[in-house]
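Need coordinates for the below:
(one chain, ligands or ions: 1)
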Amino acid sequence: MSRTATVRLADGTTVSVSEPDWCTGQHEDDLDLVDLSHDGADTVFLVDTERGPAQLFHAVVTQAPYSTHVEEHRTNVAVHLDNDYYRFRDVAALYTLADQIAEHAVQLRQLARHLDEIHHHGQ
Ligand SMILES: [Zn+2]
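Model (predicted):
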């Protein structure tokens, strides 16, 4: 059974839109229809630091079905990196990002081994 959401637009009218299953159902009011987006739950990637949790990045499944940019009609994952959202429209591109993050983890482990050597050999 499909869900619908009612959204109040900037021009004072309301519109009923069909909801994808993954949408949280939370939509901003007072936007133009072209700016309406469906958004899934935000996935936040945290790491523990000596000052508490720190966010590396966060990502959300999203779609803007009425956007003037046709590519926004396609469901994608928006990843918030370096103070901006980057769209990953293809599954392969998202896997590539995951692979790159895994490569960074390998480099970080190399730094950990280097620090361990420094600690044990007194420099
Ligand atoms: Zn929605």
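
what mean pLDDT would you report for the helix or strand Q100 falls within?
Here Q100 sits within helix 91-120, counting by DSSP states H and E. Helix 91-120 shows a mean pLDDT of 97.

For the remainder of this discussion, apply numbering that starts at 16.
Done: numbering now begins at 16, and the last item shifts to helix 106-135.

Can you give me the end-to-end span of stretch 87-105?
The first and final residues of stretch 87-105 sit 12 Å from each other (Cα to Cα, to the nearest Å).

How far away from the center of its chain is that stretch?
Offset of stretch 87-105 from its chain centre (Cα atoms, centre = their mean, to the nearest Å): 6 Å.

Now the helix holding Q115: buried residues?
Going by neighbour count (16 or more other Cβ atoms under 10 Å), the buried part of helix 106-135 is L112. Quick note: C-beta positions are derived from backbone N, CA and C, even for glycine.

Off-centre distance for that helix?
21 Å.

And for stretch 84-99?
Distance of stretch 84-99 from the chain centroid (Cα atoms, centre = their mean) equals 8 Å.

Buried residues, that stretch. List them.
Going by neighbour count (16+ other Cβ under 10 Å), the buried part of stretch 84-99 is E87, T90, N91, V92, A93, V94, H95.

repeat for stretch 37-57
So for stretch 37-57, counting by 16+ other Cβ under 10 Å, buried means C38, H42, L48, L51, S52, H53, D54, G55.
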